[in-house]
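Asker: Using only what follows, build the 3D model:
(one chain, ligands or ions: 1)
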Amino acid sequence: MGEEEESALLLSRSKRSSSTFTYCILLLIASMFLLAVYFSSSATAKLHHPVVILISSDGFRFGYQFKAPTPNIRRLIQDGTEAESGLIPVFPTLTFPNHYSIVTGLYPPHHGIVNNVFFDPLTGQQFTMQSHEPKWWLAQPLWETVLLNNLSAATYFWPGSEVHKGPWTCPTAFCQPYNGSVPFQDRVDTVLNYFDLPSHQIPSFITLYFEDPDHQGHRVGPDDSEITQSVARIDAIIGSLIQGLEQRGVFQDVHIIMVGDHGMVGTCDTKLVFLDDLAPWIQIPRDWVQYFTPILSIRPPPSVDPAHVVAKMNEGLNSGKVENGAKLKVYLKEDLPERLHYSDSDRIPPIIGLADEGFKVEQNRTGKKECGGAHGYDNAFFSMRTIFIGHGPRFARGKKIPSFENVQIYNLVTSILDIKGAPNNGSDSFPDSVLLPPA
Ligand SMILES: [Zn+2]
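Answerer: Numbering: from 1, shown residues only. I've put the predicted structure just below:
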């Protein structure tokens with residue numbers, strides 16, 4: 001063997017041994033990768049059933065997400081599905097009617113919560129936000145639906161969640177009586193603790209409610225720096241929820257639906273309509289008025305014809321002689337635009353006035369100077385829109401969907417949980433247009 005041949009042989013041997021070495025390394029890397037996949041999937045396999053966390057940030061007007069750096073909300077948006085121009089609330093754009101529409105899929109006349117405060121015309125009894133008697137709360141909220149399908153639910157605050165409905169009794173371990181002073185972090189920690197339970201005990205449906213930024217919006221209006229700070233705080237609390245779910249290895253498996261109940265618009269003492277200014281046309285006594293603003297609700301005594309009251313009020317408002325008169329329109333409830341879905345309940349008084357965006361209705365001039373924010377207006381106003389973000393296995397990443405009404409959310413949740421829901425005003429085909437098929 002010549003020197004050249006020998007070195008060629010050595011070279012080929014060393015090539016062979018080096019390729020064997022590379023092969024072993026690749027095999028090692030591949031097995032490590034497979035092990036990692038195995039362990040990560042066994043960690044996320046903790047959830048043996050679909051779980052939905054429904055979060056409400058009260059008064060989170062669409063667009064607030066751009067007021068401050070919101071890395072956590074942005075993460076949900078980028079990796080999930082978003083209503084590109086916001087979520088449309090039901091009319092009236094108030095807290096209780098909307099929260100209950102979200103969990104029943106029904107317009108307010110059908111679920112019974114037609115306002116934050118209203119009267120039963122038969123008994124004369126008043127509903128307030130502290131009323132938990134089942135007689136007020138019609139229809140089937142999601143926590144009841146979930147139980148009727150033999151799954152479990154938990155609520156960390158939601159209007160109606162304390163009301164006993166069917167099998168739902170607001171159990172101590174899975175339902176908190178409303179207390180606005182509970183720190184947001186405590187609420188998140190309680191929800192996270194549910195994911196430390198044995199798999200079969202983790203609730204399939206969980207609500208989580210935050211009063212902000214509605215709270216600040218009323219006081220200072222939507223454009224104050226207090227709102228910016230409040231939005232940043234909500235983002236941080238969403239961040240702590242995400243982090244806690246990640247630590248438990250379930251973040252990618254859980255469905256998070258983040259919504260608000262309505263938006264917010266600035267109001268000021270120059271944008272007022274006074275009922276006493278209508279006196280030359282018709283006197284509206286204080287005790288006829290069940291709710292002033294921005295949804296004026298009037299029930300005159302039985303001896304007074306509502307149609308006459310409406311005609312006289314509009315005559316005055318349109319006369320050009322009443323300050324801001326053109327900013328209030330009064331209707332018999334059956335003549336309200338159909339799109340408002342606001343006539344089919346005797347809890348709605350016969351006369352309804354709609355204030356224009358940012359205007360308020362008061363009985364008389366008090367001289368009180370105040371600027372702040374309000375909601376409750378026509379749900380066609382863009383300022384009343386809020387957010388919708390869906391994140392989780394059934395929500396496509398980076399998907400934008402057109403705006404839709406919040407009555408669609410009930411069917412979305414029952415579809416994700418694969419359970420049978422109650423009849424409602426949402427469309428049966430809506431979930432198919434939004435959700436990915438189950439894996
Ligand atoms: Zn609200």
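Asker: Distance of the residue of the chain found nearest the ion relative to Gly373?
Answerer: Nearest to the ion, among the residues of the chain, is Thr95, at 3.1 Å (CB to the ion). (C-beta placed from N, C-alpha, C; glycine too.) Distance from Thr95 to Gly373, counting by CB to CB, to the nearest Å: 13 Å.
Asker: just Arg61 next, same as before
Answerer: For Arg61, the distance to Gly373 - CB to CB - is 9 Å.
Asker: who touches both of these two?
Answerer: Common neighbours of Arg61 and Gly373 are listed as 217, 222, 264 (criterion: CB atoms under 8 Å, 6 or more residues apart in numbering).
Asker: Just the buried ones among the residues you listed, please.
Answerer: Among these, the ones that count as buried by 16 or more other CB atoms under 10 Å are 217, 222, 264.
Asker: can you list those residues in a markdown table and add secondary structure?
Answerer: Listed next are these as a markdown table, based on DSSP: H, G, I helix; E, B strand; the rest coil:
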| residue | secondary structure |
| --- | --- |
| Gly217 | helix |
| Pro222 | coil |
| Met264 | coil |
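Asker: In contact with Glu362, which residues are there?
Answerer: Contacts of Glu362 by CB under 8 Å, 6+ apart are 272-275, 292-293.
Asker: Restricted to helices, list those residues.
Answerer: Among the contacts of Glu362, no member is found in helices (DSSP state H).
Asker: Take those residues and write them to CSV, including pLDDT, distance to the ion and neighbour count.
Answerer: Converted to CSV, the contacts of Glu362 look like this (pLDDT from 0 to 100; distance: CB to the ion, whole Å; neighbours: other CB atoms under 10 Å):
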residue, pLDDT, distance to the ion, neighbour count
Leu272, 96, 22, 21
Val273, 97, 23, 25
Phe274, 97, 26, 19
Leu275, 98, 25, 25
Phe292, 97, 17, 18
Thr293, 94, 15, 20
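Asker: So which of the residues you listed sit within strands?
Answerer: Per DSSP state E, strands hold the following members of those: 272-274.
Asker: any idea which helix or strand carries Val304?
Answerer: Assigned by DSSP states H and E, Val304 falls within no helix or strand.
Asker: My error: substitute Ile73 in the last question.
Answerer: Going by DSSP H and E, Ile73 is in helix 71-78.
Asker: same for that helix, what does it pack against?
Answerer: helix 225-247, strand 255-259, strand 388-391 (3 or more CB pairs under 8 Å, 6 or more residues apart in numbering; DSSP states H and E).
Asker: Show me how the record splits this protein into domains.
Answerer: Using the TED database, the domain parsing of the chain gives 51-265+380-434, 269-370.
Asker: Point out where the stretch 201-350 of the chain drops to low pLDDT.
Answerer: Scanning the stretch 201-350 of the chain for pLDDT under 70 picks out nothing.
Asker: Return the residues of it in contact with the ion.
Answerer: By CB under 5 Å from the ion, the residues of the stretch 201-350 of the chain that approach the ion are 214, 261.
Asker: let's go with 8 Å and repeat that
Answerer: 214, 260-262 (CB under 8 Å from the ion).
Asker: Out of these, who's the most crowded?
Answerer: In terms of neighbours by other CB atoms under 10 Å, these top out with His262 at 31 neighbours.
Asker: any idea how far Glu323 is from that residue?
Answerer: 27 Å.
Asker: same question, Thr228
Answerer: The value you get for Thr228 to Glu323, if CB to CB is used, is 34 Å.
Asker: same deal with Glu144?
Answerer: 48 Å.
Asker: and what of Met129?
Answerer: 32 Å.
Asker: Please apply the same query to Ile238.
Answerer: Distance from Ile238 to Glu323, by CB to CB: 44 Å.
Asker: okay, these two: which has more neighbours?
Answerer: Ile238 (25 against 11).
Asker: could you list every residue that touches the closest residue to the more buried one other than its chain neighbours?
Answerer: In space, and not counting its chain neighbours, Ile238 is closest to Asn72: 4.4 Å by CB to CB, 6 or more residues apart in numbering. Applying CB under 8 Å, 6+ apart, one finds that Asn72 lies in contact with 235-236, 238-239, 242.
Asker: let's see 7 Å
Answerer: 235, 238-239, 242 (CB atoms under 7 Å, 6 or more residues apart in numbering).
Asker: most surrounded residue in these?
Answerer: Neighbour max across the contacts of Asn72 (other CB under 10 Å) = Ile238, 25 neighbours.
Asker: All set now, cheers.
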